[in-house]
Every structure is written in C-alpha cells, then in structure tokens.
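K.L.:
With the sequence up front, the predicted model follows.
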Amino acid sequence: MPKLTNKKEEKWEHNCHLTFNNLLITKLTITDYYKKHEKHGVNRKLIIELVKLLDNRKIKPLDDYLGKRKVFLWDRISYQGQKYRLIFWFKDNTINHLWIRNCYPIN
C-alpha cells in the first residue's frame, strides 16, 4: 500500500514588473511542482526568465478547463535553444499576481 504523506507544497514569491493580457503583473508565485522536471534543467531561475518573456503578451485561457480559475497554457516558449510549456493562472483571482503551477521542456 502506498505511503500517504502530508508534505506541504513549497512556494516562492517574487516581485516582478510585466504586462500580461493588458494587466500589470507585480507578483509571481512559483510552486515546487516543477521539481518533477529538474532532471531536464527546470529550476526557479529558468521559470523566472520564461515569465519575463510573457511581457506584453496576450494569451487566452484554456476553454476546456472545468475548475474555478482560468488556466493559461503557454506552449512552445523558445529559450536558449529549448522549447518549454508554462502552465499558470492568476493567484486567488487577482489581476496582478501570477501563480506558476508547472513548467517543462517539450519537443
């Protein structure tokens, strides 16, 4: 039988300054979910660099997400010769704070 753990999710909050979907974003929270992809070189520094590339972008949320929040999937981000996928939403339905859920390399 699998062992159940009550491990809390780790989160890191950063200040930022970018415009996304015509909204000024001043905060960024990164969860530890990305650690599943550390072997591919994904880390918080990389995620912050990818988020900077969101500046002045407009992305529609996923249409088929059934949850309470609007989830954004930014696909095929090119950074230093590699493509990445970034999954995020607005934290607690704010308009200035992005919650980064996952990031991983794609082909």
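P.N.:
Structure's in. What do you need?

K.L.:
C-alpha only now, for contacts and for neighbours.
P.N.:
Will do.

K.L.:
any idea of the mean pLDDT for the helix or strand residue 24 falls within?
P.N.:
Assigned by DSSP states H and E, residue 24 belongs to strand 23-31. For strand 23-31, the mean pLDDT works out to 97.

K.L.:
Spell out the residue ranges of the helices in this structure.
P.N.:
Applying DSSP state H to the chain gives helices spanning 44-52.

K.L.:
residue ranges with poor pLDDT in it?
P.N.:
Applying pLDDT under 70 to the chain flags residues 1-6, 65-66.

K.L.:
ok now the strand holding residue 24, how far from the chain's centre?
P.N.:
Here the centre of strand 23-31 is set off from its chain's centre by 9 Å, with Cα atoms, centre = their mean, to the nearest Å.

K.L.:
ok, now stretch 94-102?
P.N.:
Distance of stretch 94-102 from the chain centroid (Cα atoms, centre = their mean) equals 7 Å.

K.L.:
Pull out the buried positions in it.
P.N.:
Going by neighbour count (16 or more other Cα atoms under 10 Å), the buried part of stretch 94-102 is 95, 96, 97, 98, 99, 100, 101, 102.

K.L.:
Residue 94 versus the nearest residue to residue 15 once chain neighbours are set aside, what's the distance?
P.N.:
For residue 15, ignoring the flanking residues on the chain, the nearest one in space by Cα to Cα, 6 or more residues apart in numbering is residue 27 at 4.6 Å. Distance of residue 27 to residue 94, computed by Cα to Cα, to the nearest Å: 10 Å.

K.L.:
quick one, what contacts the residue nearest to residue 15?
P.N.:
Residues in contact with residue 27 (Cα atoms under 8 Å, 6 or more residues apart in numbering) are 13, 14, 15, 16, 17, 96, 97, 98.
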